[in-house]
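Engineer: from the sequence below, what's the structure:
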Amino acid sequence: MNIDFNTRTIKPNLTSLNIVRIGTCGALQEEYLVDSMIVSSHGVGIDNLMNYYQHDNTEQENELLQQFIQHTNIDQHFSRPYIHSAGSSLRMHFVDGFHHGMTVTCPGFYGPQGRVLRLGLHYPNFIDLLTSFSYGSHKIANFEMETSAIYGLGSALGHQCLSISTVVANRINQTFSPDGKKAVAVAIQKVLNVLSGI
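Structural biologist: Sure thing, here's the model as predicted:
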């Protein structure tokens, strides 16, 4: 959008996009039932992506990140986490029928999300620490593998981003969606209905 592919240069007048991700997640709070939808207020990245780019944080983001690091002690085990907020002009439209909370973005589906197959985990209590994190009105609602990168890159490049996830598994009460594809289809329709009214 903001690069001229013919000249391979950045365009002089930049366009800010509204970017909405609709995906799936695992809920990390007991009350977020399968097939419900979570709007990510913040993306907390433990995937390391934004550590390779120049980016700024607000004072609130820095405070949340410090509390998260202190609570989980994660940067003693892995690379330093990062955090970015949702585009507030988009988020305010998703109220009725949506939960809101922080989303942790993991760098993989198995060990990084606390799953054990044959290898033991270096950090076996990580899921419990995510679930028990709270600071002010903020708590971690869910985890997945995209949101922090979308929020981080979007913020750094001047775009408004929002991530909405359908809960296909609740990792606390060990429940699973009976039909994840149908739940995602319902979420897509609901999000498109909200977006069409903006």
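
Engineer: residues contacting the helix or strand of the chain with the lowest mean pLDDT, please?
Structural biologist: One helix or strand of the chain scores below all others by mean pLDDT, DSSP states H and E: helix 88-91, with a mean of 86. Residues outside helix 88-91 that contact it (Cβ atoms under 8 Å, 6 or more residues apart in numbering): 18, 20, 39, 41, 100, 160-162, 198. Placement of C-beta: from N, CA and C, glycine included.

Engineer: which secondary structure elements does the helix or strand containing V194 sit against?
Structural biologist: Counting by DSSP states H and E, the element that carries V194 is helix 180-196. In terms of contact count using 3 or more Cβ pairs under 8 Å, 6 or more residues apart in numbering; DSSP states H and E, helix 180-196 is assigned the packing partners strand 18-27, strand 160-170.

Engineer: flag every buried residue along that helix.
Structural biologist: 180, 183-184, 187, 190-191, 194 (16 or more other Cβ atoms under 10 Å).

Engineer: kindly reformat the residues you listed as a markdown table containing distance to I172 and pLDDT.
Structural biologist: Output for these, formatted as a markdown table (distance: Cβ to Cβ, whole Å; pLDDT from 0 to 100):
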| residue | distance to I172 | pLDDT |
| --- | --- | --- |
| G180 | 18 | 95 |
| A183 | 18 | 97 |
| V184 | 21 | 97 |
| A187 | 21 | 97 |
| K190 | 24 | 96 |
| V191 | 25 | 96 |
| V194 | 27 | 95 |
